[in-house]
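>>> Let me see the structure of the following:
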Amino acid sequence: MIVTYGTLDLNAIARRWWMLVIRGVAAVIFGVLAIAWPGISLLALVLLWGAYALIDGASAIAMAIRAGGEGRRWGWLLFEGIVGVAAAFFTAINPGITAFALLMLIAAWAVLTGIAEIVTAIELRRQIRGEWLLAASGVLSIVFGALTVMFPGAGALTLVTVVGAYAIAFGVLLTVLGFRIRSVVTREERLPVG
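So this is what the prediction gives:
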């Protein structure tokens with residue numbers, strides 16, 4: 001059974017549920033490492049975050065390319081991926097950036113990817129239950145980005161802890177969404193065709 005809504009094909013999305021899980025697990029790993037090493041140097045935090053942004057962005061781009069090849073909507077996903085890879089590239093070529101610049105880079109990335117996630121959740125709302133998880137991760141991203149811009153004076157230790165906690169929450173939401181999408185399609189495949 002092929003479940004479609006507009007140009008979104010839920011079966012095609014479900015076949016790549018593992019990409020959402022990879023993005024979620026990468027975020028959780030980043031968050032745990034950031035919190036586990038609260039005395040981490042700024043340079044190490046910059047490089048750790050850059051690695052996460054690269055994995056997240058590359059996964060989103062891969063999903064967008066596959067969606068485009070199947071004639072589905074892919075623009076917001078590609079946008080999210082490009083923002084992630086660009087942020088990782090900027091981080092790699094400027095590893096000595098200050099804590100404030102890193103904070104603003106992370107805030108901008110969080111807001112832009114949050115917007116893309118909310119748009120994607122709206123497009124999926126009639127296809128799956130649990131799209132609110134993606135929307136929630138988008139709202140969480142936007143709130144995190146906004147709070148980061150409003151209160152940039154937090155110390156380096158606070159920065160590491162807040163970024164780590166955000167990454168864990170974001171990662172858990174994406175991971176749960178990936179498994180939920182997989183279970184919806186698996187359940188539909190078991191239903192008798194009548």
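
>>> Gly84 and Leu54 touch, don't they?
Yes - assessed by C-beta atoms under 8 Å, Gly84 is found in contact with Leu54 at 7.1 Å. Every residue, glycine included, has its C-beta placed from N, CA and C.

>>> Those two - which one has more neighbours?
Using other C-beta atoms under 10 Å as the criterion, Gly84 and Leu54 rank with Gly84 on top: 25 against 18.

>>> For that one, which residues are in contact?
The contact partners of Gly84, by C-beta atoms under 8 Å, 6 or more residues apart in numbering, come to 53-54, 56-58, 60, 109, 113.

>>> and the gap between it and Ala14?
In this view, Gly84 and Ala14 are 23 Å apart by C-beta to C-beta, to the nearest Å.

>>> what does Ala116 give?
20 Å.

>>> and what of Ala165?
30 Å.

>>> go on, Ala136?
20 Å.

>>> the more surrounded of those two?
Higher neighbour count among Ala136 and Ala14: Ala14, with 22 against 19, using other C-beta under 10 Å.

>>> low-scoring stretches of the protein, by residue?
Filtered on pLDDT under 70, the chain yields the residue ranges 1-13, 39-42, 98-99, 128, 130, 153-157, 185-194.

>>> try 80 this time
For the chain, the stretches with pLDDT under 80 are 1-16, 38-46, 69-73, 95-103, 124-131, 151-160, 162, 183-194.

>>> which strands and helices sit next to the helix or strand hosting Ala67?
Taking DSSP states H and E as the criterion, Ala67 maps to helix 42-69. Packing partners of helix 42-69 (3 or more C-beta pairs under 8 Å, 6 or more residues apart in numbering; DSSP states H and E): helix 10-15, helix 17-36, helix 75-93, helix 99-124, helix 156-190.

>>> right, and the helix or strand after the fourth one?
Yep, that's helix 99-124 we're talking about. helix 131-150.

>>> mind listing what Ile122 touches?
Neighbours of Ile122 in contact, by C-beta under 8 Å, 6+ apart: 131, 135.

>>> Kindly report the same for Val25.
Applying C-beta under 8 Å, 6+ apart, the residues near Val25 are 171, 175.

>>> and the nearest residue to Ala136 once chain neighbours are set aside, how many neighbours does it have?
Leaving aside its chain neighbours, Ala136 sits nearest to Leu173 (5.7 Å; criterion: C-beta to C-beta, 6 or more residues apart in numbering). Counted with other C-beta under 10 Å, residues neighbouring Leu173 total 24.

>>> residues in contact with Leu173?
Residues counted as contacts of Leu173 (C-beta under 8 Å, 6+ apart) are 24, 133-134, 136-137, 140.

>>> if I look at it, how far off is Tyr52?
Look at Leu173 and Tyr52: by C-beta to C-beta, they are 15 Å apart.
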